[in-house]
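1. below is the sequence, then the predicted model.
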Amino acid sequence: MPPLAIAGLYAVTPDEPDTEVLGYKVRKALAGGARMLQYRNKAADSRLRREQAAALLALCRPAGIPLVVNDDVDVMLAIGADGVHLGRDDAGLASARAKLPEGAIIGASCYTSLDLAHAARSAGASYVAFGSAFPSATKPGASQAPLSLYRTACKRLDCPIVAIGGITTKNAIGLVEAGVHAIAVIGALFDAPDIERRARDFSKLFSAREPERRGGIAAR
C-alpha cells in the first residue's frame, strides 16, 4: 500500500454485537465520507472480533478505505487488514512493527503526552493520537488534552496527528483549526440518527484544507 495521507474523518466502530447491524452502520459512514476505519469492539470475544473485522474489510476494500484493528495484531494479520492501533497497555510498538508486513499502518495512543508521541514515532508508529480531546462517554475517566497540545504536536512531529475523545461536529472546529490531520469519532457518528449525513458533516470541516492535507504529511 502506498504512503497513506491520513486526513478527515476517522471512523471508530462502537461495541456492536450484531455483525449485520455493524456493517450497515459502517456502510453509511463510508458513504458519508469517512476516510479511514478502525474496528474496535472491547466487548467481543476473539471469534466475533475476527468475524466482524473480516466483514468490515470486505466493505473497506472496494471503497479504497484503510481498515485498522484496535489492539489486536493477530486479528489484523489473520484477515489481512491494513494495520493496528495500539495503546500504552497493548503489544509494544516495536514488537508489532517487527511482526507486521512492510507498509502496515501502526497507530499509537499517546493520551496527553508529547514524550509518548516522540517515543512512538521512534518505535515505528505511522500516526499518533491524542485525547481525550473533550469529555468522553467511551472513556469517562480519561485526562483531557488541551488544544495547545494539538498545535504543538502538529508543529513538532513529522507524522499525522489524530484527535480522539468526545468529538462532535460543533467542538471539532477548534481541532481542525489547531491543525490536526484527522478526527477519530465513535458516538457522535455511529449514534447519530442519520450516520451518512453526520459523516458528511464531519468531512465538510476538512474540505477547505483538503488540498493542503493531500500534499502534507503521510503515514509511513
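-> Received it, and whenever you're ready, just let me know what you need.

2. check which helices and strands the longest helix along the chain is in contact with.
-> Ranked by number of residues, the top helix in the chain under DSSP state H is helix 46-63. Helices and strands touching helix 46-63, by 3 or more C-beta pairs under 8 Å, 6 or more residues apart in numbering; DSSP states H and E, are helix 19-31, strand 36-39, strand 67-70, helix 73-79. Yep, even glycine has a C-beta here, placed from its N, CA and C like the rest.

3. ok, and what's touching it?
-> For helix 46-63, contacts defined as C-beta atoms under 8 Å, 6 or more residues apart in numbering pick out 13, 17, 19, 22-23, 26-27, 30, 37, 39, 41, 44, 66-67, 69, 72, 74-76, 78-81.

4. that helix versus helix 19-31: what angle between them?
-> Orientation check (axes from the mean of the first three to the mean of the last three C-alpha atoms, to 10 degrees): helix 46-63 against helix 19-31 gives 30 degrees.

5. and helix 46-63, what's its mean pLDDT?
-> The average pLDDT for helix 46-63 rounds to 97.

6. got it, and stretch 27-35?
-> In this model, stretch 27-35 has a mean pLDDT of 98.

7. from here on, count from 714
-> Taking 714 as the first residue, the last one we looked at is stretch 740-748.

8. ends of that stretch, how far apart?
-> 12 Å (C-alpha to C-alpha, to the nearest Å).

9. any idea how far it is from the chain center?
-> Here the centre of stretch 740-748 is set off from its chain's centre by 14 Å, with C-alpha atoms, centre = their mean, to the nearest Å.

10. contact partners of it?
-> By C-beta under 8 Å, 6+ apart, the residues outside stretch 740-748 that reach it are 719-724, 750, 772-773, 776, 778, 895, 902-903, 907-913, 915-916.

11. which residue ranges of the protein form helices?
-> So, for the chain - with DSSP H - the helices run 732-744, 759-776, 786-792, 806-812, 827-835, 860-869, 885-891, 900-903, 908-920, 923-927.

12. hey, least reliable of those by pLDDT?
-> Of all the helices of the chain, mean pLDDT reaches its minimum on helix 923-927 (a mean of 48).

13. gap between Leu727 and Gln765?
-> One thing to correct before we go on: residue 727 is Pro, not Leu. Note on Pro727: its distance to Gln765, by C-beta to C-beta, to the nearest Å, is 11 Å.

14. on that earlier part again, list buried residues within the contacts of stretch 740-748.
-> Buried members of the contacts of stretch 740-748, counted by 16 or more other C-beta atoms under 10 Å: 719-724, 750, 772-773, 778, 895, 902-903, 908-909, 911-913, 915-916.

15. number of residues surrounding Ala811?
-> Other residues lying near Ala811 total 9 when counted by other C-beta atoms under 10 Å.

16. do you know how far it is from Leu870?
-> 22 Å.

17. and what of Val788?
-> 28 Å.

18. pLDDT on the longest strand along the chain, on average?
-> Identified as the longest strand of the chain according to DSSP state E is strand 818-824. Average pLDDT, strand 818-824: 97.

19. who does that strand touch, helix- and strand-wise?
-> Judged by 3+ C-beta pairs under 8 Å, 6+ apart, strand 818-824 is in contact with strand 796-799, helix 806-812, helix 827-835, strand 840-843.
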